[in-house]
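**Q** Fold the following for me, if possible:
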Amino acid sequence: MVAVSILLLTKNGASDLEKLLPAIHRQRQVDRYELIAVDSASTDGTVPLLRRFGASVLEIPSQEFHHSRTRNLAAMQARGNILVFLSQDAIPTSDFWLSRLMSGFSDPKVGAVYGRQLPRSHSKSERQDTFDMVYGPKRIVKDPAHRNGLGYRFYHFSDVNAAIRRDVWESTRFPEDLKVFEDLGIAKLILDRGWKIVYEPDAAVIHSHQHSTVSLFKRYFDIGYTLKKLHIWDTPGTKKTMLRDSWRMLKRKINPSRERGQQDVGAGIQQHMAKSFGLFLGINQALLPLALKRHLSAYRVFG
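**A** Next comes the predicted model:
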């Protein structure tokens, strides 16, 4: 019997996996887990490295990768009652990461748990501020019976570092009509069917990417489109809380801490405005011509 299946989607990730795989094997207070990877035609030694650490590896052509469909494929290979989804470049911060992630399932009404993400030490202020906002130190239980004023954060969920009950995944699955932000899609399905989702800050990983101003604009254009497509934008409190947090973040950029200084104030404000404008256009993308939408999308959500 296997209690937990840890699922990785990999492509040319050997340098990160050299840190991640030992960190997984160091986990304590969790027994009987398996490690499964779906690899998209890596050429850097990723596959033999995975197998050296005992992973079962399914190899697929790179053109077949799809954020939702490939995660569903990985889950179909699993035997565990709990499915743990972990990005190849998300490195646990402690030997108790997995046990902390599993602790949320002590409540039988919890369908999924996701953990904290901490930005890399060299991350720009945009990532630091964003992560501080959405991955705070306080544990949150998202209960469909009462939203507790969470607003847009009620549906927030990240499969960079998350676990889902197998039977819950089987009844929802990652929505394959979404090319990206599949974690937002499955979170809405889970919550709308009455399951709770727990945010567990003690199950933390180091994970972040650098984004240019243009890439942030395009990314948030796709986020706006997805919020509208999933009917999240019009749910109670979403607009109000998003505007509130956006204003808080802008004030933080205008008045940076003494440690950060004035060095990147201009760049921070520019990126904040790019994200806001991208989100606004994405929400209202129905008013834009198809050719323009295709140009504005980061993930080609319009084909």
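**Q** distance of residue 173 from residue 167?
**A** Applying C-beta to C-beta, to the nearest Å, the value for residue 173 to residue 167 is 12 Å. No exception for glycine: its C-beta is placed from N, CA and C like everyone else's.
**Q** between the two, which one's more packed in?
**A** Set residue 173 next to residue 167 and count neighbours by other C-beta atoms under 10 Å: residue 173 wins out with 18 against 10.
**Q** my read: that one touches residue 72, true?
**A** Yes: with contacts defined as C-beta atoms under 8 Å, residue 173 counts as touching residue 72 at a distance of 5.3 Å.
**Q** packing partners for the lengthiest strand in the chain?
**A** Taking DSSP state E as the criterion, the chain has its longest strand at strand 196-206. For strand 196-206, the packing partners by 3 or more C-beta pairs under 8 Å, 6 or more residues apart in numbering; DSSP states H and E come out as strand 91-92, helix 97-103, strand 110-118, strand 140-142, strand 161-165, helix 182-192.
**Q** how about the very next helix or strand once past it: buried residues?
**A** Counting by DSSP states H and E, the element after strand 196-206 in chain order, helix or strand, is helix 213-229. Using 16 or more other C-beta atoms under 10 Å as the burial criterion, the residues of helix 213-229 that qualify are 213, 216-229.
**Q** Show me what helix 213-229 is packed up against.
**A** When contacts are defined as 3+ C-beta pairs under 8 Å, 6+ apart, helix 213-229 sits against helix 182-192, helix 265-283, helix 290-296.
**Q** now could you export just the CA positions of the longest one as CSV?
**A** Meaning helix 265-283. Coordinates of each C-alpha in helix 265-283 appear next as CSV, following Å, rounded to 0.1, in the frame of the first residue of the first chain:
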residue,chain,number,x,y,z
VAL,A,265,11.0,52.1,-6.9
GLY,A,266,10.5,53.1,-10.5
ALA,A,267,10.8,49.5,-11.8
GLY,A,268,8.4,48.3,-9.1
ILE,A,269,5.7,50.9,-9.9
GLN,A,270,6.1,50.2,-13.6
GLN,A,271,5.6,46.4,-13.1
HIS,A,272,2.7,47.0,-10.8
MET,A,273,0.9,49.1,-13.4
ALA,A,274,1.7,46.6,-16.1
LYS,A,275,0.1,43.8,-14.0
SER,A,276,-3.0,45.9,-13.2
PHE,A,277,-3.5,47.0,-16.9
GLY,A,278,-3.0,43.4,-18.1
LEU,A,279,-5.5,42.1,-15.6
PHE,A,280,-8.1,44.8,-16.6
LEU,A,281,-7.7,43.9,-20.3
GLY,A,282,-7.9,40.2,-19.7
ILE,A,283,-11.1,40.6,-17.7
